[in-house]
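Trainee: got a predicted structure here, sequence first:
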Amino acid sequence: MARLQRNRMTDSGEPDFPPAPEAPSQEVATRPDTAPAPVSADIIARVREAVQGIPESDGEGAESIVRQLLDAQTIDDLNAPWEGSSGRSLAGKRLSIRGCHQRPSSFEDGAGVFLVVDAADAKTGEALTFTTSAVSVVLQLARAWSLGLFPLIADVVVAERPTARGFYPYHLRIIAAGSKEQS
């Protein structure tokens with residue numbers, strides 16, 4: 001079992017703490033130039049309909065946070081529950097996706113929803129939580145949920161080339177659903 005790492009000390013003997021983060025803005029997030037094109041009203045409505053069966057998050061995430069803290073081995077692990085990763089950051093990993101919850105999204109050009117996904121690294125078993133608002137991934141997970149296919153084994157695949165807008169889309173390549181291997 002790895003031990004928790006300690007912060008380094010400065011030459012004066014004081015802890016070398018990272019700077020405190022700035023308070024988050026209360027404004028609605030806007031789309032950077034490299035984001036995907038805005039989603040049409042029809043698609044937004046259809047995505048919202050597709051995710052209706054996925055439970056809404058309790059807004060707390062308490063159980064997931066407690067589980068991650070109990071399993072913490074490093075300082076980074078102790079911070080991880082509040083520094084969720086996006087699905088795209090997991091490129092190339094094979095995941096065991098155990099479940100998901102939906103949350104409302106404030107991104108002005110998105111589908112109005114994102115998913116908080118409970119997963120584990122399929123090789124190491126390390127638990128992880130990631131978020132996604134990628135419409136294709138949200139729909140993949142929503143359809144798998146509605147078809148009763150969870151848990152899923154899936155690879156996170158990021159496009160090798162950007163779109164015309166400079167965006168690198170990603171999707172899940174589903175390998176197995178429940179106990180059914182996909183070819």
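Mentor: Structure received.
Trainee: helix, strand or coil: sort out residue 120 for me.
Mentor: Here residue 120 is strand, with the state taken from DSSP: H, G, I helix; E, B strand; the rest coil.
Trainee: number of nearby residues for it?
Mentor: By other CB atoms under 10 Å, 16 other residues sit near residue 120. (Glycine included, C-beta is placed from N, CA and C.)
Trainee: quick check: the residue nearest to it when sequence neighbours are not counted vs residue 137, distance?
Mentor: Leaving aside its sequence neighbours, residue 120 sits nearest to residue 96 (CB to CB, 6 or more residues apart in numbering; 4.7 Å). For residue 96, the distance to residue 137 (CB to CB, to the nearest Å) stands at 16 Å.
Trainee: so those two - more neighbours on which side?
Mentor: Legend: neighbour count by other CB under 10 Å for residue 96 and residue 137, higher for residue 137 (23 against 19).
Trainee: just confirm that one is within a strand.
Mentor: No - checked against three-state DSSP, residue 137 lies outside a strand; its state is helix.
Trainee: residues of the helix or strand harbouring residue 144 that come out buried?
Mentor: Following DSSP states H and E, one finds residue 144 within helix 135-146. Neighbour counts over helix 135-146 (16 or more other CB atoms under 10 Å) mark 135, 137-142, 144-145 as buried.
Trainee: for stretch 73-87, same thing?
Mentor: In terms of neighbour count (16+ other CB under 10 Å), stretch 73-87 has its buried residues at 77, 80-81, 87.
Trainee: how far away is the residue nearest to residue 120 from residue 130?
Mentor: For residue 96, the distance to residue 130 (CB to CB) stands at 13 Å.
Trainee: overlap in contacts, those two.
Mentor: residue 119 (CB atoms under 8 Å, 6 or more residues apart in numbering).
Trainee: could you pull out the strands for the chain?
Mentor: 85-86, 94-104, 113-121, 127-132, 152-158, 170-177, 180-181 (DSSP state E).
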